[in-house]
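Undergrad: I would like to see how this sequence folds:
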Amino acid sequence: MAQRHGLAFLHLQTGEITPIIPIEADMTDNRFNDGKCDRQGRFWFGSMCPGKNQGSLYRYDPDGSLHLMETGLTIANGLGWSPDENIFYLTDSAQQKIYAYNFEAATGRISDRHILVDLAGESFYPDGLTVDSEGNIWSAMWDGWCVIRFNSQGEETLRIPLPVQRPTSCTFGGQDLQTLYITTASVGLNEEEIQKSFYSGDLFALQTDITGLPTDNFRL
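TA: Sure thing, here's the model as predicted:
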């Protein structure tokens, strides 16, 4: 898992935390944010610094090597891969953009970044995301009261309204991988806003007719 300024292993049975490597310890305004493993068992994670373009994207490999993959980000967030592993997705929440890169599964290289989804001008921000087996991107919208599904061309194809202001991420689970689990936040909301979205901070589960992709683990 990513901590504020480094990586650590969390033992789920005992709760023991074992530090692995410090990263960006000298950048006191930064902290790490979202992370996810690819199918080769490499851990990808990004840092954030609201108001400054000094966030980065890293890849930590099972052999213990750390790789700087992208710089100049504001709030590195939701990330994922297309079902064929040819495309890597990365969100910069503050910029209201979801980027797509060419991805080489064997080497872990990314290249040719372009904007897939541009929400500039909207009143909400893309947060965590997941990708389904058909290649659609499901993105939780911070301050947007919804999760939006985009196709692989970046076109909106579905908007799921939620009774909370700040959805934070989503993933597919359940025995058939057709249940969409959605996390939400109450942080930063005043009392009036919390009353309007009473279930803020709760976990939601939505049954769908689309199958998600299985979650990948870090390979020790």
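Undergrad: Which strands or helices does the worst-scoring helix or strand of the chain on mean pLDDT pack on?
TA: In the chain, the helix or strand scored least confidently by mean pLDDT, DSSP states H and E is helix 191-196, which has a mean of 92. Using 3 or more CB pairs under 8 Å, 6 or more residues apart in numbering; DSSP states H and E as the contact test, no helix or strand touches helix 191-196. Heads up, the C-betas are built off the backbone N, CA and C, glycines and all.
Undergrad: Contacts for that helix next, please.
TA: Here helix 191-196 makes contact (CB atoms under 8 Å, 6 or more residues apart in numbering) with 165, 186, 200.
Undergrad: Quick check: of those, which lies closest to Val147?
TA: When the contacts of helix 191-196 are compared for distance to Val147 (CB to CB), Gln165 comes out closest, at 12.9 Å.
Undergrad: could you list every residue that touches the closest one?
TA: 143-145, 189, 193, 196-197, 200.
Undergrad: Using TSV, please lay out those together with neighbour count and distance to Glu16.
TA: Output for the contacts of Gln165, formatted as TSV (neighbours: other CB atoms under 10 Å; distance: CB to CB, whole Å):
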residue	neighbour count	distance to Glu16
Asp143	15	36
Gly144	22	37
Trp145	19	38
Leu189	18	33
Glu193	14	37
Lys196	14	40
Ser197	18	35
Ser200	21	31
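Undergrad: Could you point out which of those residues is nearest to Glu156?
TA: Using CB to CB, those come closest to Glu156 at Gly144, 11.9 Å.
Undergrad: Which residue is the nearest non-sequential neighbour of that closest one?
TA: Among residues not flanking Gly144 along the chain, Phe124 sits closest, at 3.0 Å (CB to CB, 6 or more residues apart in numbering).
Undergrad: In contact with the one you found, which residues?
TA: 141-146.
Undergrad: Ile21 now?
TA: 6-7, 60, 66.
Undergrad: Just confirm it is within a helix.
TA: No - using DSSP: H, G, I helix; E, B strand; the rest coil, the secondary structure at Ile21 is strand, not a helix.
Undergrad: so how far is Gly80 from it?
TA: Counting by CB to CB, to the nearest Å, the gap from Ile21 to Gly80 is 24 Å.
Undergrad: For the residue nearest to the spatial centre of the chain, what is the enclosing helix or strand?
TA: With distances taken as CA atoms, centre = their mean, Gly78 lies nearest the centre of the chain, 2.0 Å away. Assessed by DSSP states H and E, Gly78 sits inside strand 76-81.
Undergrad: Name the residues that touch that strand?
TA: Here strand 76-81 has contacts from 33-36, 38-39, 44-48, 55-57, 70, 87-93, 98, 103, 126-131, 137, 139-140, 169, using CB under 8 Å, 6+ apart.
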